[in-house]
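> What follows is a predicted protein model with its sequence.
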Amino acid sequence: MRVSLMQHTLIILSLSSLLLGLLPEASMAQPRVVRSGPQTVALLELYTSEGCNSCPPADEFVRTLAPKGLGLDRVVPLGLHVDYWDKLGWPDRFAQAIFTQRQRALAARQRSRTIYTPQLVLDGQAFNTWSAMDAAVQRLNQTPSRADLSLEIASQTAAALDVVVQARVPEAQSRAGVQLYVALYENRLTSTVTAGENAGHTLHHDAVVRQWLDPVALDAQGAARRQHTFALHGDWKTADLGLVVFVQAPAGDVLQTLAVPLGP
């Protein structure tokens, strides 16, 4: 079959457009590595439940941190939904027993017999004065980091996420009992509650922890490494997912935190 000059040109242009369209997808397949900086990034834990009618203001407080200038480069929030409200009228679909266990461990560390929601915990310590959050975070940000963190996103598909996380604590005196934690979170979540204390209300959440990995202890050289494949559920919004890495000492203080959003 004879091909005219015009047809030949159109074929070349079509192939060029196809190749250019494939380039962004190929670049996204390349490993992505993010590292922590020299200053400490604060970790803010919110213990909450959809069955608790005093929790929505705390959820809203967390959602407004970034617009107020407290972004992920300064403080990383984690929404930890506890399960002890689930039998009181409304089962929280985000609740996990491991978060209740973590809150109980916090209470024991602070010699308290009670746990409650909502509770904010900043850098491993209960934080009750919400209006002082900016100043407290600023003090932590001005502290030199005691750990170096790196997070490599080796591959990412709609169904799975492969990551390699590493931590190093340079100073020997800061290593005792320190553990490396990794969590996968999701933003922009909404629930319409039909029972319990929040019946009739629509609740909005950010930084809800979807998966929480068991911690890894540092080795004798002050280093830890974790490779993991997260299975991504079909109803999770990939653009709203993110990863959080932090290292924490037995007394509760957080040596460094790193958050990496997975969306655009």
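Here it is on my side, so go on. Remember, predicted model here, so these are calculated numbers, not experimental data.
> The least confident helix or strand in the chain by mean pLDDT: what's the following helix or strand?
Least confident helix or strand, the chain: helix 5-28 with a mean of 40, by mean pLDDT, DSSP states H and E. On the C-terminal side of helix 5-28, the closest following helix or strand by DSSP states H and E is strand 32-35.
> what lines up beside that following strand in the sheet?
strand 148-156 (antiparallel) (DSSP bridges).
> what mean pLDDT does the strand it pairs with have?
On average, the pLDDT along strand 148-156 is 96.
> how about that strand: buried residues?
Buried residues in strand 148-156, counted by 16 or more other C-beta atoms under 10 Å: 148, 149, 150, 151, 152, 153, 156. All C-beta atoms are positioned from the backbone trio N, CA, C, and that covers glycine.
> List just the nearest of these to residue 42.
Closest approach to residue 42 among the buried residues of strand 148-156 (C-beta to C-beta): residue 149, at 13.9 Å.
> So the closest one versus residue 167, what's the distance?
The gap separating residue 149 from residue 167 is 5 Å, by C-beta to C-beta, to the nearest Å.
> Quick check: neighbours shared by these two?
245, 247, 256 (C-beta atoms under 8 Å, 6 or more residues apart in numbering).
> Run the chain-centre distance for the helix or strand that contains the second one.
Under DSSP H and E, the secondary-structure element containing residue 247 is strand 241-248. A distance of 5 Å separates the centroid of the chain from that of strand 241-248, by C-alpha atoms, centre = their mean, to the nearest Å.
> just stretch 151-165 next, same as before
14 Å.
> same question, stretch 31-50
Its chain's C-alpha centre and that of stretch 31-50 lie 6 Å apart, by C-alpha atoms, centre = their mean.
> Could you do stretch 71-85 as well?
With C-alpha atoms, centre = their mean as the basis, stretch 71-85 stands 8 Å off its chain's centre.
> Just the buried residues of it, please?
Going by neighbour count (16+ other C-beta under 10 Å), the buried part of stretch 71-85 is 72, 74-85.
> Grab the nearest non-local neighbour of residue 45.
In this structure, residue 45 finds its nearest non-sequential neighbour in residue 121, 4.2 Å apart by C-beta to C-beta, 6 or more residues apart in numbering.
> residues touching the one you found, list them.
Neighbouring residues of residue 121 by C-beta under 8 Å, 6+ apart: 44, 45, 46, 47, 106, 127.
> Please settle this for me: is the third one part of a strand?
Yes: when classified by DSSP: H, G, I helix; E, B strand; the rest coil, residue 46 is found to be part of a strand.
> Number of residues surrounding it?
Using other C-beta atoms under 10 Å, residue 46 has 24 other residues around it.
> separation between the residue nearest to residue 263 when sequence neighbours are not counted and residue 262?
Closest residue to residue 263 apart from its sequence neighbours, by C-beta to C-beta, 6+ apart: residue 239 at 3.7 Å. Look at residue 239 and residue 262: by C-beta to C-beta, they are 8 Å apart.
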